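Chemist: The following block contains a protein sequence and its predicted model.
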Amino acid sequence: MILFVADLHLSPRSPGATALFLAFLAGRARQAEALYILGDLFEAWIGDDDIGDPYHVGIVAALRAAADSGLAINLLHGNRDFLLGPDFAAAAGVRLLADPTVLSTAEWQFVLSHGDALCLDDATYMAFRAQVRDPAWQAALLAKPLAERRALAAQMRAASAANQRGQADPYTDLQPAAIDDFLRAHGYATFIHGHTHRPAMHDHIVDGIHVERWVLADWHEDRGECLVWDGVALKREAILPTS
């Protein structure tokens, strides 16, 4: 059994979602052989030298305990936690994956991505993405003091929130033509991604071939969700607080 999640956006400001994820790691997730986190595990990650923050210590410890129990945990970068690096991975017992990543099982083939790279109609975001994924830009940012990076992250969150206010739908969807090209380039594998906060299953016909695209749900204070592959089919499963 393989589980997929994305867009948890964990932070001290989301205690409900944090509690759900910790319970998930200690319980449901350990019934699976592998967990794939497809980006935005954290609301923000300003560098692996912030791993000693008390909040981060708890998340890292929970990931490590789940990994030590035998769960293979794999993680893609999102648009919020693109600075997650090897020190975090080593401490948490997770494997950082390239985006996209092809996952082949005995029964099926999937292609996994955060999804934001295909939001080509949002020119402003794509320019931002190109900037923050640039190794030179990241090195310059990581060279700044931790306190300065915290302040910058807070400014970026505030700017993002201000930009989203008043918009009926603040998340740009993936560009249809880019989806077709992506599916074609990856052998028409079933596509699983997050980012858009629009959970759904889409049917695509590319070159006469039917391909499914599953969009993962974002997590909230009172509800999370995982996508489950049981070797036969994909199905959604709610993650709810225990009373």
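Modeler: The structure has been received and is ready for your questions.

Chemist: Now do the buried residues in the helix or strand bottoming out on mean pLDDT in the chain.
Modeler: Taking mean pLDDT, DSSP states H and E as the measure, the helices and strands of the chain show their lowest mean at helix 146-164, namely a mean of 80. Neighbour-count burial for helix 146-164 flags Arg149, Arg150, Ala153 (criterion: 16 or more other CB atoms under 10 Å). In short, each C-beta sits where N, CA and C put it, glycine included.

Chemist: quick check, nearest of these to Ala178?
Modeler: Taking CB to CB as the measure, Ala178 lies nearest Ala153 of the buried residues of helix 146-164, at 28.6 Å.

Chemist: Can you show me the strands along the chain?
Modeler: Along the chain, the stretches classed as strands by DSSP state E are 2-5, 34-38, 72-76, 94-96, 101-104, 109-113, 190-193, 200-206, 209-215, 224-229, 234-239.

Chemist: Nearest to Ala139, out of these?
Modeler: Nearest to Ala139, of the strands of the chain and by CB to CB, is strand 94-96 at 17.4 Å.

Chemist: which one is His210 nearest to, not counting chain neighbours?
Modeler: Asp203 (6.4 Å; CB to CB, 6 or more residues apart in numbering).

Chemist: you'd agree the one you found is up against Glu212?
Modeler: Yes: the pair Asp203 / Glu212 is scored as a contact, 6.4 Å apart, by CB atoms under 8 Å.

Chemist: Which one's more surrounded, these two?
Modeler: Glu212 (16 against 8; other CB atoms under 10 Å).

Chemist: Local confidence estimate at the nearest residue to the more buried one once chain neighbours are set aside?
Modeler: In space, Glu212 comes closest to Thr190 once its chain neighbours are excluded; the distance is 5.0 Å by CB to CB, 6+ apart. Model confidence at Thr190, given as pLDDT, is 98.

Chemist: measure Thr190 to Ser11 for me?
Modeler: Here the distance between Thr190 and Ser11 works out to 31 Å (CB to CB, to the nearest Å).

Chemist: do Pro176 as well
Modeler: Between Pro176 and Ser11 the distance is 33 Å, computed by CB to CB.

Chemist: who has more neighbours, these two?
Modeler: Shown here are Pro176 and Ser11; by other CB under 10 Å, Ser11 has more neighbours (17 against 13).

Chemist: List the residues that contact the more buried one.
Modeler: Shown here is Ser11, whose contacts under the criterion CB atoms under 8 Å, 6 or more residues apart in numbering are Thr18, Phe42, Glu43, Ala44, Tyr55.
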